[in-house]
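Novice: Return a 3D structure for these sequence lines:
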Amino acid sequence: MQTIPEPASEPSADLLRHAERLRRLWRLPGVGLGRIGADGMARIAVAGLRARGAPDAVEPGDRWHIGSITKSMTALLLARLTARDGIGLDTPLGDLAALPLHPDLARQSLRALLAHRAGLAANPPRAGWSVAGVPDAQAPEGPLRDRVLAPHLLDKPRPGKFRYSNLGYMLAGHVVEQIGDAPWKVLLRREIAAPLGLGSLGFGPPPAPNPQGHGSLLSRLLTLRGYGPAPGRPAAHDPALADLSPAFGSAGLVHLSLPDLLSYGGAVATLAGGQDGIVPARTFDDLISGRDYAGGWVLGPGVLRHDGSNGLWMADLRIERAAPRVTALVTNTGSLGAVIAAGTSGWRRQDGRTARVQSGS
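Specialist: Sure, this is the predicted structure:
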């Protein structure tokens with residue numbers, strides 16, 4: 001199996017045409033497309049504006065919010081920490097968490113938690129989604145997260161069936177801190193970002209002058225309700241106004257550049273192809289062992305994928321295991337058009353064919 005080297009991002013005229021087409025078709029403020037082909041070279045293209053109504057065009061090195069793709073990073077971080085400490089993924093949560101748990105939840109495994117099968121509810125009440133709590137998005141969010149999380153850990157869970165849960169990955173962030181004896185943000189930077197060279201990785205909305213997220217009718221109806229800017233308007237560069245509460249950090253509040261997102265995808269593709277990398281290949285294989293969803297990834301035939309949105313952004317990362325090939329899309333709106341664009345496989349044209357990928361969320 002071929003190893004994907006650290007990609008050196010190059011502009012791509014082919015991808016630029018696709019980016020312009022998607023931007024116009026779905027009325028996106030800005031968009032970035034990236035691809036690592038079988039030759040191991042990363043190619044990217046960006047089009048559009050950092051903010052509607054402003055003149056600044058998006059740049060190849062700009063940072064983008066990747067939402068729930070963060071979950072795969074939190075799971076990989078746990079795989080790295082547990083492998084180092086000799087903790088198995090089948091360890092009961094009651095042996096790992098410092099917060100009180102319902103007895104039925106305490107018996108669930110870390111593996112079940114990372115597969116959304118531990119039985120936790122999807123989210124805390126919406127009233128807590130936009131609590132600032134931590135004025136600096138780079139500051140440790142653990143105390144706030146644990147306050148938001150703790151009441152729900154005493155509820156009787158409904159384990160076994162798949163139930164997508166941000167609360168579950170908030171608990172995963174808590175477990176990270178118990179094993180790693182440091183804040184989740186510190187450990188993610190030290191154990192994932194630094195070894196992989198993801199120098200752009202940060203937390204919360206990207207700072208100025210990077211692209212700004214944009215409100216949409218979809219985000220108002222389904223995600224943020226009354227929070228954030230009006231549909232079509234850019235959000236301020238302010239964590240309290242442009243993102244969910246920092247309590248959601250380990251479930252979905254990472255930002256980084258498109259080249260770094262591809263680098264991360266390339267590192268995962270190496271592991272998925274059976275080669276050792278940031279963790280041993282056997283450890284990663286165990287992490288993603290399951291059906292439909294495991295270890296922070298949606299599992300399709302020969303494909304790992306995840307998308308993410310806080311309602312103001314949209315990102316999608318996909319890995320074809322056999323090739324291996326990596327594709328990524330980022331855009332600074334959470335509109336229905338952005339969701340459709342992320343699910344469009346037509347731009348993922350490789351070696352004269354269109355990659356077949358599984359859509360989903």
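
Novice: just checking, residue 296 touches residue 111?
Specialist: No. Judged on C-beta atoms under 8 Å, residue 296 makes no contact with residue 111 at a distance of 11.7 Å. All C-beta spots, glycine's among them, are computed from the backbone N, C-alpha and C.

Novice: Give me the distance between the closest residue in space to residue 159 that isn't next to it in sequence and residue 161.
Specialist: Nearest-residue entry for residue 159: residue 119, 3.6 Å, with adjacent residues in sequence omitted and distances by C-beta to C-beta, 6 or more residues apart in numbering. Separation of residue 119 from residue 161 (C-beta to C-beta, to the nearest Å): 8 Å.

Novice: Ok, residue 242 next?
Specialist: Remark: distance between residue 242 and residue 161 (C-beta to C-beta) = 34 Å.

Novice: Those two: which is more packed in?
Specialist: residue 242 (26 against 8; other C-beta atoms under 10 Å).

Novice: How many neighbouring residues does residue 182 have?
Specialist: 16.

Novice: How confident was the prediction at the nearest residue to it once chain neighbours are set aside?
Specialist: Excluding its sequence neighbours, the residue lying closest to residue 182 (C-beta to C-beta, 6+ apart) is residue 190, at 7.7 Å. Looking at residue 190, its pLDDT reads 97.

Novice: The closest residue to residue 280 other than its chain neighbours in helix, strand or coil?
Specialist: Using C-beta to C-beta, 6+ apart and skipping the chain neighbours, the partner closest in space to residue 280 is residue 83 (6.8 Å). Recorded secondary structure, residue 83: helix (DSSP: H, G, I helix; E, B strand; the rest coil).

Novice: separation between residue 83 and residue 271?
Specialist: Distance of residue 83 to residue 271, given as C-beta to C-beta: 12 Å.

Novice: Overlap of the contact sets of the two?
Specialist: Shared contacts of residue 83 and residue 271, defined by C-beta atoms under 8 Å, 6 or more residues apart in numbering, are found at residue 279.

Novice: who's more crowded, those two?
Specialist: For residue 83 and residue 271, the more surrounded residue by other C-beta under 10 Å is residue 271, and the numbers stand at 26 against 18.

Novice: Quick one: low-confidence residue ranges for this structure.
Specialist: Filtered on pLDDT under 70, the chain yields the residue ranges 1-11, 127-128, 130-137, 219-228, 345-347, 349-361.

Novice: Tell me where it has strands.
Specialist: Along the chain, the segments classed as strands by DSSP state E run 10-11, 30-36, 42-48, 63-65, 202-203, 254-257, 293-294, 297-300, 303-308, 314-320, 325-331, 349-350, 353-354.

Novice: Kindly reformat the ones you listed as TSV and extend each row with distance to residue 180.
Specialist: Formatted as TSV, the strands of the chain follow (distance: least, C-beta to C-beta, whole Å):
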stretch	distance to residue 180
strand 10-11	36
strand 30-36	29
strand 42-48	30
strand 63-65	24
strand 202-203	16
strand 254-257	17
strand 293-294	21
strand 297-300	21
strand 303-308	23
strand 314-320	24
strand 325-331	27
strand 349-350	38
strand 353-354	41
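
Novice: Dump those to TSV, plus mean neighbour count.
Specialist: Output for those, formatted as TSV (neighbours: other C-beta atoms under 10 Å):
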stretch	mean neighbour count
strand 10-11	12
strand 30-36	27
strand 42-48	23
strand 63-65	29
strand 202-203	23
strand 254-257	28
strand 293-294	20
strand 297-300	20
strand 303-308	23
strand 314-320	27
strand 325-331	29
strand 349-350	15
strand 353-354	10
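
Novice: so residue 101 makes contact with residue 93?
Specialist: Yes. In terms of C-beta under 8 Å, residue 101 counts as a neighbour of residue 93; the distance is 6.2 Å.

Novice: Would you mind measuring from residue 189 to residue 209?
Specialist: The value you get for residue 189 to residue 209, if C-beta to C-beta is used, is 22 Å.

Novice: between these two, who's got more neighbours?
Specialist: Taking residue 189 and residue 209 together and counting by other C-beta under 10 Å, residue 189 has the greater number of neighbours (18 against 13).

Novice: In this structure the more buried one contacts residue 201, no?
Specialist: Yes. Using C-beta under 8 Å, residue 189 is in contact with residue 201, at 6.7 Å.

Novice: what is in contact with the two at once?
Specialist: By C-beta under 8 Å, 6+ apart, no residue touches both residue 189 and residue 201.

Novice: and the residue nearest to residue 182, how many residues sit next to it?
Specialist: Neighbours of residue 190 under the rule other C-beta under 10 Å: 13.

Novice: How about residue 85?
Specialist: Residue 85 - counted by other C-beta under 10 Å - has 9 other residues nearby.

Novice: residues in contact with the closest residue to it other than its chain neighbours?
Specialist: Leaving aside its sequence neighbours, residue 85 sits nearest to residue 179 (C-beta to C-beta, 6+ apart; 6.2 Å). By C-beta under 8 Å, 6+ apart, the contact list for residue 179 reads 78, 81, 82, 85, 87, 96.

Novice: From these, keep the buried residues only.
Specialist: 78, 81, 82, 87, 96 (16 or more other C-beta atoms under 10 Å).
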